[in-house]
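*Asks:* my questions are about this predicted structure, shown below with the sequence.
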Amino acid sequence: MKYFLFALLSLPLFPRSLQAQHLELLTENNKTSIRGLSVVNDRVVWVSGSNGTIGKSLNGGRQWEWMIVPGFEKRDFRDVEAFDSVNALIMAVAEPAAILRTSDGGRTWSVVFMDSTKGMFLDAMHFTNAQQGLVIGDPIDQKVFLATTNNGGNDWKKAESPPVLSEGEAFFASSGTNALLKSDINGKQYPLYVSGGKKSNLWIRNKCFAMDSTLMVQGIESTGANSVDMYDDSKGIIVGGDFSKDSSAKANCVLFSLSPAVHFIRPEIPPHGYRSCVAYLSRDKLICCGTSGVDISTDGGKRWKLISKDGFHVCQKAKNGGSVFLAGSHGKIAILKE
């Protein structure tokens, strides 16, 4: 028994490969707070942020082309969805809410959706391919705003019977990653999203699966789920916390499975603070980030190790490739290195 205990204690808590991982800063020190990130492949990366600013790299982040959308110089583009080096969508959250599309690499943009309804605030977009996607927005009269497209964002159809949220329950536009468009075994698509605020819940097919405060901190406007990701059709992860107390690790992460029924699991070692975005890199490897740092897990999200105290809003793995990028305030963009 003594030998077994000594051997167990002498083993590293995390693999050596994880200990070697670090972030390489690619660019920073501009006036844009970046919350939108779309990594098409290992070379093509788009970002979007405040002050009407869009950025694009065609060589894996070594060089960036920055552009400001005419007429939208004071707008905040909280999400971007890029399909290649020339076709992309950007989302202006409010006043009024708008979605713009480019087919010439960002030289020109056309408005494909606009809504001036009082209280309208868009939070996230998600596409399963170059044609089918959704956009989610804060509730109007407590009803979730949902719209879908089947032609690459050129046209949008609003949901006819959206669910009603609780008082004080809404969404965070912190990283554009609180909603997913999924497909069932018959190919029928459905939304999956997470809410935050005074109530924080997982919603699947517009049905609520409640999370209590031991799973995800909630109760005030700054608390709750910010981001959701799934590796396959049966398991996923949610991160959030309290952005007003961004170093607190209290109830900031929860794993879930959908088969045979929805089941929540708390991690053994949570991320080290409020986290605004999470992404699967493989079945067992994940990354999450927030204003107080960046964490990596190599065991499916059960245990997390802090690899950087630098703050970032959003992280994403290449849709086609292995590169992982992060972006945040002051135009900061980084890449994960082994």
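*Replies:* Cool, the structure landed.

*Asks:* all contacts plus neighbour counts: C-alpha atoms, from now on.
*Replies:* Will do.

*Asks:* quick one: classify Ser244 as helix, strand or coil.
*Replies:* At Ser244 the chain is in helix, as set by DSSP: H, G, I helix; E, B strand; the rest coil.

*Asks:* I'd like the distance between the nearest residue to Leu26 once chain neighbours are set aside and Cys315.
*Replies:* In this structure, Leu26 finds its nearest non-sequential neighbour in Ala334, 5.1 Å apart by Cα to Cα, 6 or more residues apart in numbering. Going from Ala334 to Cys315 by Cα to Cα, to the nearest Å gives 9 Å.

*Asks:* over to Cys289?
*Replies:* Cys289 is 7 Å from Cys315, by Cα to Cα.

*Asks:* more crowded one of those two?
*Replies:* Using other Cα atoms under 10 Å as the criterion, Cys289 and Cys315 rank with Cys289 on top: 33 against 30.

*Asks:* right, and that one touches Asp310 too?
*Replies:* No. At 9.0 Å, Cys289 does not count as touching Asp310 under the criterion of Cα atoms under 8 Å.

*Asks:* surely Trp46 is in a helix?
*Replies:* No. Counting by three-state DSSP, Trp46 is not part of a helix but strand.

*Asks:* partners of it in the sheet?
*Replies:* Beta-bridge partners recorded for Trp46 (DSSP bridges): Ser38, Lys56.

*Asks:* next one: Glu24
*Replies:* Using DSSP bridges, the bridge partners assigned to Glu24 are Ile335.

*Asks:* what helix or strand does the most centrally placed residue in the chain sit in?
*Replies:* The residue lying closest to the centre of the chain (Cα atoms, centre = their mean) is Thr177, at 2.5 Å. Applying DSSP states H and E as the criterion places Thr177 outside every helix and strand.

*Asks:* how about it, nearest residue that isn't a chain neighbour?
*Replies:* Ser227 (5.0 Å).

*Asks:* name the SS class of the nearest residue to Lys31 once chain neighbours are set aside, please.
*Replies:* Leaving aside its chain neighbours, Lys31 sits nearest to His330 (5.3 Å; criterion: Cα to Cα, 6+ apart). In three-state terms, and counting by three-state DSSP, His330 is helix.

*Asks:* count the neighbours of His330 for me.
*Replies:* Close neighbours of His330, defined as other Cα under 10 Å, add up to 16.

*Asks:* so it touches Ser33, yeah?
*Replies:* Yes. The pair His330 / Ser33 is scored as a contact, 5.4 Å apart, by Cα under 8 Å.

*Asks:* check contacts around the residue nearest to Gly133 when sequence neighbours are not counted.
*Replies:* Excluding the flanking residues, the one nearest Gly133 by Cα to Cα, 6+ apart is Phe127, at 3.9 Å. Phe127 makes contacts with 81, 133-134, 180-181, as judged by Cα atoms under 8 Å, 6 or more residues apart in numbering.

*Asks:* closest one of those to Trp46?
*Replies:* Glu81 (8.0 Å; Cα to Cα).

*Asks:* list the buried ones in the helix or strand containing the closest one?
*Replies:* Element membership of Glu81, judged by DSSP H and E, is strand 77-82. Buried residues in strand 77-82, counted by 16 or more other Cα atoms under 10 Å: 77-82.
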